[in-house]
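pasting a predicted model and its sequence here:
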Amino acid sequence: MLITLACVLVPVSLLTVWVHDIVLDTGRYVSTVAPLASDPAIEEAAVHRITAAADVRVDGAQVTSDLAKWLEAQGLPPRVGTAVKALGPQLDSAADAAVSKVATRFVESDRFETVWTTANRAAHTAVVHALTGEGRGPVGVEGGTVTLDVGAAVENVKQDLVDAGLSPAEKIPQVDKQMVLFHSDKLEKIRGAVHLLDVAGNWLPVLTVVLGAVGVVLARRRRRALVATALGAAAACLVFAVGLAVVRHYYLDHLPAQVQSPAAAAAVFDTLVRFLRVSIRTALVLGVFVALGAYLSGAGRLPRAVRGRAERAADSAARLGSAHGLHTGRVGTWVEARRRPLTLGVLLVLALVFALWNRPTVLTVLLLVLILLAVLAVLSLLAAGGRGSGRTGRP
């Protein structure tokens, strides 16, 4: 029962750590979302929203009508005035194109990244309040929708338009335009879940490890229990990863009408859950390696065959070295006599390194496994040399 509970709690623990350390931590949250400022989908959505918020309008029909009247007053034929009036829509289109061009140049510049980062940093407290039922500042929450005020970006574009010579931009009023960051009809339930996960973030991972360890210690066959625990945790992480993919697919398929860029919504979702996905993959790979190691240290036919072949290879290497004058001497004898506690010590050290590693990844697990294999190979060679010295009576 303890092992089953621990396996179920492994992905839940990773989720609590993600909520506590990423979603609700200002520094890490800002560093997580900062790359979105240069994401093409976000840039395109921002250009569209800023252009719509600027809403510059040149009355092309009035301008061309006044120009036609002036030309006719100068004695030009009426058909010239008619042709000039037909240019009204083109004039409106040119003004819109100018706004879009300036907005695009601003969004692709470092200034937009600064605005994006500053707004997210200032708004992080508001995001936390939105997730817990309140919203204030640049980030607001209404119903199931969380939004970000893009007014600061509009003001920058307004100034660029004025500097570019588009005088009508001076009449752009202060706007309160919102970019939809997140929408869900279940936001109320999400708020309660986030609060619970935040509270559990500090203690649930420790509790999960303790439950698993106690379950293994109390088991009648501890090695088999360790294999079952590791594989069960890996399986739980795999199920959670599949569930996360289903949630992503469902979320993107049910975006509300006010979300005008599904690509931007996907980029935001993927960025926010990136570290959660990395943690799930890391736990899955770690579980597989722990189960494999525990199995190969057992008394089954295949584990004994693998260990026997490794020992014979070490003995062959030791004899080859001895034939060339390489001997382990007392070191080899000492290692041979204390090989088991030395192996356990190496395992404990590597486990401690993994526990203290800041944001471990799959590469971290692979690196530690390679280090473990290298150390075990060295111990095996030294022990083989010690056995050879004992048989020959060499000091």
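Looks like it came in fine.

the stretch 251-395 of the chain: strands as residue ranges?
For the stretch 251-395 of the chain, no strands are identified by DSSP state E, counting those that start in this stretch.

so, low pLDDT: which residues of it?
Regions of the stretch 251-395 of the chain meeting the criterion pLDDT under 70 cover residues 258, 260, 388-395.

one more time with 80
Judged by pLDDT under 80, the stretch 251-395 of the chain has its weakly predicted residues at 256-261, 322-329, 385-395.

for it, just list every one of the helices.
262-272, 274-296, 301-323, 329-337, 339-356, 362-392 (DSSP state H, counting those that start in this stretch).

would you mind finding the most buried of those helices?
Comparing the helices of the stretch 251-395 of the chain by mean neighbour count (mean count of other Cβ atoms under 10 Å), helix 274-296 comes out on top with a mean of 19. Yep, even glycine has a C-beta here, placed from its N, CA and C like the rest.

packing partners of it?
helix 2-18, helix 222-253, helix 301-323, helix 362-392 (3 or more Cβ pairs under 8 Å, 6 or more residues apart in numbering; DSSP states H and E).

now the angle between helix 362-392 and it, please.
Calculated by axes from the mean of the first three to the mean of the last three Cα atoms, to 10 degrees, helix 274-296 forms an angle of 20 degrees with helix 362-392.

let's see helix 274-296 as PDB, backbone CA atoms only.
Taking Å, rounded to 0.1, in the frame of the first residue of the first chain, the C-alpha atoms of helix 274-296 are listed here in PDB:
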ATOM      1  CA  ARG A 274       8.400  23.100 -20.100                       C
ATOM      2  CA  PHE A 275      10.100  22.500 -16.800                       C
ATOM      3  CA  LEU A 276       7.200  20.300 -15.700                       C
ATOM      4  CA  ARG A 277       7.700  18.100 -18.800                       C
ATOM      5  CA  VAL A 278      11.500  18.000 -18.100                       C
ATOM      6  CA  SER A 279      10.900  16.900 -14.500                       C
ATOM      7  CA  ILE A 280       8.400  14.200 -15.600                       C
ATOM      8  CA  ARG A 281      10.900  12.800 -18.200                       C
ATOM      9  CA  THR A 282      13.700  12.900 -15.700                       C
ATOM     10  CA  ALA A 283      11.700  11.000 -13.100                       C
ATOM     11  CA  LEU A 284      10.700   8.500 -15.700                       C
ATOM     12  CA  VAL A 285      14.300   7.800 -16.800                       C
ATOM     13  CA  LEU A 286      15.500   7.700 -13.300                       C
ATOM     14  CA  GLY A 287      12.900   5.100 -12.300                       C
ATOM     15  CA  VAL A 288      13.900   2.900 -15.200                       C
ATOM     16  CA  PHE A 289      17.600   3.100 -14.300                       C
ATOM     17  CA  VAL A 290      16.900   2.400 -10.600                       C
ATOM     18  CA  ALA A 291      14.800  -0.600 -11.500                       C
ATOM     19  CA  LEU A 292      17.400  -1.900 -13.900                       C
ATOM     20  CA  GLY A 293      20.200  -1.500 -11.400                       C
ATOM     21  CA  ALA A 294      18.200  -3.200  -8.600                       C
ATOM     22  CA  TYR A 295      17.300  -6.100 -10.900                       C
ATOM     23  CA  LEU A 296      20.900  -6.600 -12.100                       C
END
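
for Ile190, which of the helices of the stretch 251-395 of the chain is the nearest?
Smallest distance to Ile190 across the helices of the stretch 251-395 of the chain (Cβ to Cβ): 12.9 Å, for helix 262-272.

got the CA coordinates for the closest one in PDB?
Only the C-alpha atoms of helix 262-272 are listed here, as PDB (Å, rounded to 0.1, in the frame of the first residue of the first chain):
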ATOM      1  CA  PRO A 262      -3.900  29.700 -31.400                       C
ATOM      2  CA  ALA A 263      -0.100  29.500 -32.200                       C
ATOM      3  CA  ALA A 264       0.600  32.100 -29.500                       C
ATOM      4  CA  ALA A 265      -1.600  30.300 -27.000                       C
ATOM      5  CA  ALA A 266       0.300  27.100 -27.800                       C
ATOM      6  CA  ALA A 267       3.600  28.900 -27.300                       C
ATOM      7  CA  VAL A 268       2.500  30.200 -23.900                       C
ATOM      8  CA  PHE A 269       1.300  26.800 -22.800                       C
ATOM      9  CA  ASP A 270       4.400  25.000 -23.900                       C
ATOM     10  CA  THR A 271       6.700  27.500 -22.300                       C
ATOM     11  CA  LEU A 272       4.900  27.500 -18.900                       C
END
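
hmm, who's touching that helix?
Contacts to helix 262-272, defined as Cβ atoms under 8 Å, 6 or more residues apart in numbering, come from residues 22-23, 32-33, 35-36, 39, 41-42, 44-45, 181-182, 248, 251-252, 255, 259.
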